[in-house]
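Engineer: turn this into a model:
(2 chains)
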There are 2 protein chains.
Amino acid sequence: MIIKIKDFNNAEEVISKNFVKEWNELKEVLKSSPLHLKSSEQRGKKGNLVFDPVGSNMFIKEELIKKNWISPIPIPSEYSCLGIDIDFGKVGILIEVQYSHYAFLLNNTLRSELFYKIKFEIDNKPLKLAVIITKSNMFPSANSSLYYEQAVEQLSAVANHSIFNIPIRLIGLFENNGNNIPALWTKYLSNTSRKIKEQKEISVNIFNNKIQKSI
Amino acid sequence: MIIKIKDFNNAEEVISKNFVKEWNELKEVLKSSPLHLKSSEQRGKKGNLVFDPVGSNMFIKEELIKKNWISPIPIPSEYSCLGIDIDFGKVGILIEVQYSHYAFLLNNTLRSELFYKIKFEIDNKPLKLAVIITKSNMFPSANSSLYYEQAVEQLSAVANHSIFNIPIRLIGLFENNGNNIPALWTKYLSNTSRKIKEQKEISVNIFNNKIQKSI
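Structural biologist: Sure thing, here's the model as predicted:
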């Protein structure tokens, strides 16, 4: 896929000084990712092509683990009220893939800020950088799910007033406009299942940053 | 209802110095509120008595407006990415009633912290205090909805490390254990409607902080 980035609290400097190798690994994984799509089951959208968070998550996980990223990273029991685990980590970097409810963005931000402040160790190094992966609003998605453009606005609003200090690199996943953009379409055993029932390579047309509605 | 409170960042002092009258107004409204219940429509819980967020919200709104609280308070357009409005406000206090997804707690906290930092004016006074109203986990509720006990844990975890500075009073709504606790049961025109189809006074039995499952 195509990626866009937005940095907060000098994330760019932190990366260029400490994490060039790790950033290249992550970039390579995301750029090699196919566009994951599925057919919506939501009322009013049924059958329309929408972003497939499960497929995208599984791809990223499989590829990052090959590059020795740790996943998941358990949250210590004294902070269990804040969640069970962090998606990925390596040498002081945490990654959250955030395709679900938009309220999780500031939730993840505040939680990451806490881990930054207590120097929580990720892969034996104190946390120095959070990376949040989101998808663009060019892909129709489940209602209320977070998209990159909204995340840029929200984090910018709070970052402008130094509400948090942790360096954050926000990533958006995009595709080009055009005809016959390749994508991977998946049907799962059920709405909540991660088990694949059917999967095929398809191609879609994207105009004005909007994907065509059905295959 | 019965209320419990947990204060963060010296909210108690801020209230006793500035907001005794307003706190008494709010306390009076919440204590005079009936327990609002409805029958669940969720799969696996269908027909069970659950907390009725719509009814509780409407009651609180009606009563606070009688006491000249402002509702809703529009969020300025430059922060529209953070939401449309704040639930209630008066002379530098904001109130959020938070019965929905638990991720909104830290989301509301971070947003309120921003408004505190920019000295956002509520009723012509700079914001000095946020009040967050939640319901206890003694009342079965929609999946993933926030409850007081969880909110205490989450805010305590982040407050212990000075992640935010705004004084916050967190309120939990409870009922006594016992037989024949009065409640107001409401049926709405549809799942997402606020229009009442049927409403009646009922009584419920509560044991070990758990409400009996059906009427």
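Engineer: residues of chain A that sit close to chain B?
Structural biologist: Counting by Cβ under 8 Å from any Cβ of the partner chain, the residues of chain A close to chain B are A:78-79, A:81-82, A:101, A:103-107, A:109-111, A:113-114, A:117-118, A:150, A:153-154, A:157-158, A:161-164. All C-beta atoms are positioned from the backbone trio N, CA, C, and that covers glycine.
Engineer: contacting residues around the most centrally placed residue in chain A?
Structural biologist: With distances taken as Cα atoms, centre = their mean, the residue of chain A nearest its centroid is residue A:133 (2.5 Å). Residues near residue A:133 by Cβ atoms under 8 Å, 6 or more residues apart in numbering or on different chains: A:30, A:60, A:95-98, A:171, A:173.
Engineer: tell me which of those residues fall in helices.
Structural biologist: Among those, the members falling in helices (DSSP state H) are A:30, A:60.
Engineer: buried subset of the contacts of residue A:133 as a PyMOL selection?
Structural biologist: Buried residues within the contacts of residue A:133, by 16 or more other Cβ atoms under 10 Å in any protein chain shown, are selected in PyMOL with:
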select buried, chain A and resi 30+60+95+96+97+98+171+173
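Engineer: strands paired with the helix or strand hosting the residue nearest to the centre of chain A, and their directions?
Structural biologist: Assigned by DSSP states H and E, residue A:133 falls within strand A:129-135. Paired strands of strand A:129-135, with direction, are strand A:93-97 (parallel), strand A:168-174 (parallel) (DSSP bridges).
Engineer: mean pLDDT and distance to residue B:2 added to the ones you listed, as a markdown table?
Structural biologist: Converted to a markdown table, these look like this (pLDDT from 0 to 100; distance: least, Cβ to Cβ, whole Å):
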| stretch | mean pLDDT | distance to residue B:2 |
| --- | --- | --- |
| strand A:93-97 | 98 | 38 |
| strand A:168-174 | 98 | 41 |
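Engineer: compare those and give me the one nearest residue B:189.
Structural biologist: strand A:93-97 (38.7 Å; Cβ to Cβ).
Engineer: neighbours of the nearest residue to residue A:72 once chain neighbours are set aside, how many?
Structural biologist: Nearest residue to residue A:72, sequence neighbours excluded (Cβ to Cβ, 6 or more residues apart in numbering or on different chains): residue A:85, at 3.6 Å. Other residues near residue A:85 come to 11 when the count uses other Cβ atoms under 10 Å in any protein chain shown.
Engineer: over to residue A:201?
Structural biologist: Neighbours of residue A:201 (other Cβ under 10 Å): 9.
Engineer: who is it paired with across the strands?
Structural biologist: With DSSP bridges as the criterion, residue A:201 is bridged to residue A:184.
Engineer: quick one: it and residue A:181 touch, right?
Structural biologist: No: with contact defined as Cβ atoms under 8 Å, residue A:201 does not count as touching residue A:181 (11.5 Å).
Engineer: can you list the strands that the helix or strand bottoming out on mean pLDDT in chain A pairs with?
Structural biologist: Lowest on mean pLDDT, DSSP states H and E among the helices and strands of chain A sits strand A:210-211, with a mean of 82. Strand pairing for strand A:210-211, determined by DSSP bridges: strand A:196-207 (antiparallel).
Engineer: chain A: strands as residue ranges?
Structural biologist: Here chain A has its strands, by DSSP state E, at A:2-8, A:35-39, A:49-51, A:73-74, A:85-86, A:88-90, A:93-97, A:121-122, A:125-126, A:129-135, A:168-174, A:178-188, A:196-207, A:210-211.
Engineer: shaky segments in chain A?
Structural biologist: In the predicted model of chain A, residues A:213-215 satisfy pLDDT under 70.
Engineer: which single one of the contacts of residue A:133 is nearest to chain B?
Structural biologist: For the contacts of residue A:133, the minimum distance to chain B (Cβ to the nearest Cβ) is 10.5 Å, reached by residue A:98.
Engineer: for that closest one, which residues are in contact?
Structural biologist: With Cβ under 8 Å, 6+ apart, residue A:98 has these contacts: A:104-105, A:108, A:132-134, A:146, A:151.
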